[in-house]
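Trainee: predicted model, plus sequence, below.
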Amino acid sequence: MTYSSDPRVELGAFLRSRRERLAPAALGLPVTPRRRTPGLRRAEVAASAGISTSWYAWLEQGRVRTSEQVLRAVARALRLDAAETAHVLAFADDANVPAAPASWVSPHLRSLVDALVPHPAMVIDPHWDLLAWNTSYAGLLTDLARLPPKRRNMLWLVFRWPPCRTLLADWEPEARALLGQFRARAARQPHDQRYAEIIESIRTDPDAARWLTQRETAAFRPAVKRFHHPVAGELRLRPVKLAAVDEPGHHFLAYLPDGPASEAALRRLA
């Protein structure tokens with residue numbers, strides 16, 4: 001799968017993928033042997049959304065942009081979940097385009113990352129490139145300083161760094177959700193070459209390649225993550241993600257222990 005330089009084309013492809021997966025029964029429509037279209041017809045989505053069939057067809061063809069109100073109606077017609085709806089609304093005519101973030105981290109934010117030891121902590125940018133991390137994060141995962149800068153990326157580590165598949169106890173659902181979050185972000189910034197570069201770097205992984213074609217999207221959820229660590233043993237950690245107000249585009253991410261056993265394991269690891 002490739003990304004178009006025109007956001008309208010990406011939106012259209014996403015809407016089409018969701019229309020084709022939605023069963024007619026979801027809208028109370030009869031299923032007949034003569035139905036050849038996978039999922040719903042364009043006219044059926046348009047009628048449910050309260051817009052003309054032509055306008056909806058132009059949306060899927062990437063010929064027009066439209067308002068948040070229309071996109072919300074289309075999202076309801078397609079039965080999109082919260083993450084998918086947020087993804088669609090990002091393509092609205094009045095959606096704000098974020099400014100490019102800095103590639104450096106302030107000393108104040110670095111000091112916060114270091115102060116969290118023995119709890120793993122890091123700072124990431126919108127591409128999920130890791131800009132700063134503490135010794136606990138290095139102990140949990142790997143010493144990122146030994147990797148080339150372009151590979152210090154959360155998505156690359158999950159799909160291209162082999163130990164991650166055993167380190168993450170629930171690798172498949174975790175990797176699939178992470179890719180969904182990243183793909184949604186990348187689709188909103190079609191001119192950003194770093195997003196495209198990261199996608200290309202993981203495409204050689206069969207799982208990543210298959211899930212990319214499905215155009216899945218997801219939202220961040222602070223669910224407990226389970227680790228099988230070769231030194232610390234079993235770990236249950238809760239991610240906490242905060243936006244860095246003074247450094248737009250940067251996020252602070254820490255892993256806190258979910259119980260005394262994981263707390264003790266982190267201290268052993270430190």
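Mentor: Thanks, I have the structure now.

Trainee: who touches the lowest-mean-pLDDT helix or strand in the chain?
Mentor: When each helix and strand of the chain is scored by mean pLDDT, DSSP states H and E, helix 82-89 comes last, with a mean of 82. Applying Cβ atoms under 8 Å, 6 or more residues apart in numbering, the contact partners of helix 82-89 are 11, 14-15, 18, 68, 71-72, 74-75, 78, 80, 95, 180-181, 184, 187-188, 217-219. Every C-beta, even on glycine, is put in place using the N, C-alpha and C of the backbone.

Trainee: now, those residues that are in helices?
Mentor: Counting by DSSP state H, those place 11, 14-15, 18, 68, 71-72, 74-75, 180-181, 184, 187 in helices.

Trainee: start to end distance for stretch 51-71?
Mentor: 10 Å (Cα to Cα, to the nearest Å).

Trainee: could you give me the buried positions within it?
Mentor: In terms of neighbour count (16 or more other Cβ atoms under 10 Å), stretch 51-71 has its buried residues at I51, Y56, A57, W58, L59, E60, G62, V64, R65, T66, V70, L71.

Trainee: ditto for stretch 236-252
Mentor: Under the neighbour-count criterion of 16+ other Cβ under 10 Å, stretch 236-252 has R236, L237, A244, E247, G249, H250, H251, F252 buried.

Trainee: for the closest residue to L178 other than its chain neighbours, give me its contacts.
Mentor: Closest residue to L178 apart from its sequence neighbours, by Cβ to Cβ, 6 or more residues apart in numbering: V158 at 5.8 Å. The neighbourhood of V158, defined by Cβ under 8 Å, 6+ apart, consists of C164, L168, W171, E174, A175, L178, L179.

Trainee: tell me the secondary structure at the nearest residue to R185 once chain neighbours are set aside.
Mentor: Closest residue to R185 apart from its sequence neighbours, by Cβ to Cβ, 6+ apart: P126 at 6.5 Å. Of the three states, P126 takes coil under DSSP: H, G, I helix; E, B strand; the rest coil.

Trainee: state the mean pLDDT of stretch 160-172.
Mentor: Stretch 160-172 carries an average pLDDT of 94.

Trainee: just how off-centre is that stretch within its chain?
Mentor: 17 Å (Cα atoms, centre = their mean, to the nearest Å).

Trainee: same check, this time on stretch 179-187
Mentor: 4 Å.

Trainee: check which strands are paired with the biggest strand by length in the chain and give the direction for each one.
Mentor: Using DSSP state E, we find that the single longest strand of the chain is strand 233-243. Using DSSP bridges, the strands paired with strand 233-243 are strand 225-229 (antiparallel), strand 251-257 (antiparallel).

Trainee: hmm, back to that, kindly reformat the buried residues of stretch 236-252 as a markdown table containing distance to V88 and pLDDT.
Mentor: As requested, these are exported to a markdown table (distance: Cβ to Cβ, whole Å; pLDDT from 0 to 100):
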| residue | distance to V88 | pLDDT |
| --- | --- | --- |
| R236 | 34 | 96 |
| L237 | 32 | 96 |
| A244 | 27 | 83 |
| E247 | 28 | 77 |
| G249 | 22 | 82 |
| H250 | 26 | 89 |
| H251 | 23 | 91 |
| F252 | 28 | 94 |
